[in-house]
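Sequence below, structure please.
(chains A and B)
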Amino acid sequence: MIERNYRNRLASVALLMLLALGCVSARLIYLHFQLGPSQKRSLRIVSTRQFRESLTVSRGKILDRNGNILAMDLVKKELCANPAVICSNRNAQSVAAGISHILNVEPRLVLEQINRPERRFAYVAGFGHVLEPDQAEAIAAARFAGVFLRDAMARSYPQGNGLCHVLGYVNLEAERYGCAGVEQRWDRYLRGVPGLLVSELDGRRHEIYDRRQVEIEPHPGADVFLTIDQYIQHIVERALAEAVRQNQATAAWAIVQRVRTGEILAMANIPSFDPGAFRQAAPESMRNRCIANIYEPGSTFKVAIVAAALNEKAVAPEQIFDCETGAWSFQRRVLHDFHPYGKLSVADIIKKSSNIGAAKVALQLDAARLYAYLRSFGIGERTGIELPGEEVGMLYPVARWTDLSPTRIAIGHEVAVTALQMLGVLACIANDGLRMKPYIVQRVTDADGQILFQHSPVAFGRPIRADTARLMKNMLLRVTEEGGTGTRARVAGYTVGGKTGTAQKAVRGGYSDTLNMSSFMGFIPAEDPQLAIIVVLDEPRNDVRTGGYVAGPVFREIAEQAVRYLDIAPQGNAVIASRPPAGLDYGI
Amino acid sequence: MAKRNRYKRTEGFVIALPWTAFLIGGVVLMLSYVWLDAHGQALGSRIKFAEQQRAEIQKRYDLELWKWETLKSPVNIERALARHEIALVWPEEGRLVRLAEPTFTAAELPSSSRQMVQLAQFPGLVVND
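Got it, this is the predicted structure:
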């Protein structure tokens, strides 16, 4: 009897176990072969173990001509917090004090972010703000409860504010688009192609490597090499900052260009901004005035007028013009000279920068011919430099000119240019009449070093003959000699050709007597020009505001260091090395 | 040949050889599968670890590169020089000696100079006339 009961119980237990196993098996078959009525549910089951991740890719670097990094991607740390945890521990005050001490911000700002018990996540230093490596180390060492660091890819600029207007910046969105400068214009190359990973996770949410289904390697962005030299750029920025400070100017900008090729060695603006913290920058400080600011050039424009007249043989350098002792009435409008002059040769009109003389030279040319020359010098059209936001300038068609126009255009009024356009005119003269296309990107290489794009010098054309250009060079050389307007631009041991410009700024109803645009453009060495430089100061506020007085010394400061750095001999016959001889820069 | 006795019963439980081979083969196959799976998973873990290490090294390399680039930027070098009160100036133009490619051939040189040119072609020989 007992034996029988035992067998019955055993059979019942075995039956129950078989039943349970059968249920589990049925469920497994049901789940595994997705036999359920709802596809949505089966998809949900798959999605719990499957993950799909876009593999982030770093943007390419931006480098100068010598391979110094100007912009690169860096994995930095975002400072995040769980305010609920901090508040539950009742140490929001002490955490805020500790963080603010490390970040050097007011404790109140940190407290505003973390003193929210209802929230489980907060950016302590604000969205998009990344920590510097030393700050991140300090935060990690402090081990604040409820505070944690998270990786975030950030664009970093090792030069700080240097070259900010050329480099531009990258936005804070996930896609990280370039929004200005080279970052914007060359975004297509810099961006790279993100990869893709589709795989499965285990119960601890770790990836199961052998369940990888899709793995597409990301292609990092290409590196963009600029024609800029970081040391020359630094020289220019330092000189401009000092000039702005001394002259209390609103802004200043300058460009250094290689005459023979059109390469831009430096392009600087003051005020500047930190591209890594562009959201804090004032919009005015973010404009690349070298290409995006048009201004009436004033006397520097006489260079184009006289070159055109000489090329047309409408005048000769020794031809005398009456400068009317400082006031000349034409078309019932009086034109003045800064200093009164009597009779001056064409060469002296340039040297002394006589407005009346230049106006009379312009009248020797037919308006249509004058317009054609100005267009061939590139006035009123973009140079095509590889940067966004370049302005066209302003040159009205002849049909809109009045009888007075040639006399006003001759002195750089009724026409507006960018500094790059104006420098193009001078560089054309310095380059024996051959106008070169300015360019700032030398080459683009991919991660394997293969060249994707390479720039070669391009000539736009020859607006003036080589003999006219030589004449002009000799005349411009006299500007920096005794009695000329540009003596303060002289560089010891070198000959400098150039032209000063002091334009009154246009205001409502006429021209201002107090606001000026002071500029100097020149080339060095005059015998065999290698570098062309333009310096513009906006609204200098000291007593003497002429281009020669204000911008001339800035030119000298830049030129005398640039020729030494590039090892340009006074006669200009030395080769400009792409890299300075070892140990020359700073002696290291 | 002795006739097989169909009614003779063998003692105990006997499995035929083919079945035994089949079972052993199956077990070996299963064990191989388990071993391969475990090996594959171990390799996968090592690859994952190597991938993470590579990413970490890349991060550290980028960080060091950034630090170095920042350190040697002209602004920072100037700051460092100022901190140590070092003033560097460019040499005066008169103190520079520029060397240029000769515009003449060795044959055009006077005989004494020609000899020096010939001697200078021997490596390690100091010509100091």
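
Show me what the helix or strand hosting residue B:55 is packed up against.
Taking DSSP states H and E as the criterion, the element that holds residue B:55 is helix B:17-71. Other elements packing on helix B:17-71 under the criterion 3 or more CB pairs under 8 Å, 6 or more residues apart in numbering or on different chains; DSSP states H and E are strand A:69-81, strand A:207-208. Glycine gets a C-beta too; all of them are placed from N, C-alpha and C.

In a markdown table: those strands, plus mean neighbour count.
Supplementary listing: the helices and strands packed on helix B:17-71 in a markdown table, determined by neighbours: other CB atoms under 10 Å in any protein chain shown:
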| stretch | mean neighbour count |
| --- | --- |
| strand A:69-81 | 23 |
| strand A:207-208 | 16 |
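
between the ones you listed, which gets nearest to residue A:158?
Within the helices and strands packed on helix B:17-71, the stretch nearest residue A:158 is strand A:69-81; the backing value is 5.8 Å (CB to CB).

Could you pull up the mean pLDDT of the next helix-or-strand element following the closest one?
Heading C-terminal from strand A:69-81, the first helix or strand you meet, by DSSP H and E, is helix A:83-88. Helix A:83-88 shows an average pLDDT of 88 in the prediction.

For residue A:454, what are phi and psi?
When quoted as degrees, to the nearest 10, the phi and psi of residue A:454 stand at phi -140, psi 130.

neighbours around the closest residue to chain A within chain B, how many?
Chain A sits closest to residue B:44 of chain B, with a gap of 2.7 Å, by CB to the nearest CB. Close neighbours of residue B:44, defined as other CB atoms under 10 Å in any protein chain shown, add up to 16.

One more: the one 3 residues further on?
As a burial measure, residue B:47 scores 13 neighbours (other CB under 10 Å).

after the helix or strand of chain A with the lowest mean pLDDT comes which helix or strand?
Lowest mean confidence among the helices and strands of chain A (mean pLDDT, DSSP states H and E): helix A:39-49, at a mean of 75. The C-terminal neighbour of helix A:39-49 among helices and strands, as given by DSSP H and E, is strand A:50-55.

which residues in the stretch 451-588 of chain A form helices?
Assigned helices in the stretch 451-588 of chain A, in chain order: A:466-477, A:547-550, A:552-565 (criterion: DSSP state H, counting those that start in this stretch).

was I right about residue A:252 contacting residue A:537?
Yes. Contact criterion CB atoms under 8 Å: residue A:252 and residue A:537 qualify, at 4.7 Å.

These two: which has the busier surroundings?
residue A:252 (31 against 27).

Confirm the more buried one sits in a helix?
No. When DSSP: H, G, I helix; E, B strand; the rest coil is applied, residue A:252 is found to be strand, with no helix at that position.

before we move on, the earlier item: which residues touch the closest residue to the residue of chain B closest to chain A other than its chain neighbours?
Nearest in space to residue B:44, with sequence neighbours left out and distances taken as CB to CB, 6 or more residues apart in numbering or on different chains, is residue A:209 at 2.7 Å. Contacts here follow CB atoms under 8 Å, 6 or more residues apart in numbering or on different chains; on that basis residue A:209 touches A:199, B:41, B:43, B:44, B:45, B:47, B:48.

rerun at 7 Å
B:44, B:45, B:47, B:48 (CB atoms under 7 Å, 6 or more residues apart in numbering or on different chains).

distance between the lengthiest strand in chain A and the chain's centre?
The strand spanning the most residues in chain A, taking DSSP state E as the definition, is strand A:510-524. Taking CA atoms, centre = their mean, to the nearest Å, one finds strand A:510-524 lying 24 Å from the centre of the chain it belongs to.

how deep is the closest residue to residue A:377 other than its chain neighbours tucked in, by neighbour count?
Spatial nearest neighbour of residue A:377, chain neighbours left out: residue A:425 (4.8 Å); criterion: CB to CB, 6+ apart. By other CB under 10 Å, the residues close to residue A:425 number 26.

Look at residue A:425 and give its secondary structure.
For residue A:425, the assignment made with three-state DSSP gives helix.

Thought residue A:374 was touching it, still the case?
No. With contacts defined as CB atoms under 7 Å, residue A:425 does not count as touching residue A:374, sitting 8.9 Å away.

and for the two, which residues touch both?
Taking CB under 7 Å, 6+ apart as the contact criterion, the common neighbours of residue A:425 and residue A:374 are residue A:304.

Just to check, residue A:460 is in contact with residue A:433?
No. Residue A:460 lies out of contact with residue A:433 (CB under 7 Å); the separation is 11.3 Å.

follow-up on the earlier one: could you name every residue contacting both of residue A:252 and residue A:537?
Residues touching both residue A:252 and residue A:537 by CB under 7 Å, 6+ apart: residue A:243.

quick revisit: how about the helices of the stretch 451-588 of chain A in a markdown table, adding mean pLDDT and mean neighbour count?
Putting the helices of the stretch 451-588 of chain A into a markdown table (pLDDT from 0 to 100; neighbours: other CB atoms under 10 Å in any protein chain shown) gives the following:
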| stretch | mean pLDDT | mean neighbour count |
| --- | --- | --- |
| helix A:466-477 | 94 | 20 |
| helix A:547-550 | 92 | 27 |
| helix A:552-565 | 94 | 24 |
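
Tell me which of these lies nearest to chain B.
Proximity to chain B, assessed across the helices of the stretch 451-588 of chain A by CB to the nearest CB, is greatest for helix A:552-565 (4.3 Å).

so what are the domain limits for chain A?
Residue ranges of the domains in chain A are recorded as A:55-226, A:230-275+A:290-565, according to automatic domain parsing.

how many other residues sit next to residue A:381?
Residue A:381 is flanked by 13 other residues according to other CB under 10 Å.

And it, what's its pLDDT?
You'll see residue A:381 listed with a pLDDT of 93.

Could you do residue A:131 as well?
The per-residue confidence score, pLDDT, reads 84 for residue A:131.

next one: residue A:183
At residue A:183, the predicted lDDT confidence score is 95.

can you list the residues of chain A near chain B?
Remark: the part of chain A in contact with chain B comprises A:68-69, A:72, A:74-75, A:133, A:156, A:158-160, A:162, A:207-210, A:230-231, A:234, A:492-493, A:561, A:564, A:569-570, A:574, A:586-587, using CB under 7 Å from any CB of the partner chain.

repeat that for 6 Å
When proximity is defined by CB under 6 Å from any CB of the partner chain, chain A lies next to chain B at A:69, A:74-75, A:156, A:158-159, A:209-210, A:231, A:234, A:493, A:564, A:569, A:586-587.

hmm, which two among those are most spread apart?
Spatial extent of these (CB to CB) is set by the pair A:210 and A:493 at 72.2 Å.

ok, now which ones touch the residue nearest the centre of chain A?
For chain A, the residue whose C-alpha lies nearest the mean C-alpha position (CA atoms, centre = their mean) is residue A:166; its distance is 1.2 Å. Applying CB atoms under 6 Å, 6 or more residues apart in numbering or on different chains, we find residue A:166 in contact with A:181, A:267.

Surely it is in a helix?
Yes. Counting by three-state DSSP, residue A:166 is found in a helix.

Where does pLDDT dip in the chain?
Just going to use chain A. By pLDDT under 70, the weakly predicted segments of chain A are A:1-2, A:31-32, A:34-39, A:42, A:572-588.

Chain B was what I was after
Where chain B drops to pLDDT under 70, the residues are B:1-13, B:102-104, B:106-129.

Next one: residue A:344 relative to residue A:55, how far apart?
71 Å (CB to CB, to the nearest Å).

Mind checking which of these two has more residues around it?
residue A:344 (21 against 13).

Check the gap between that one and chain B for me.
Taking CB to the nearest CB, to the nearest Å as the measure, residue A:344 falls 34 Å from chain B.

Okay, now the sheet partners of the helix or strand containing that residue, with direction.
Take DSSP H and E as the rule and residue A:344 turns out to sit in strand A:343-345. With DSSP bridges as the test, strand A:343-345 is paired with strand A:320-322 (antiparallel).
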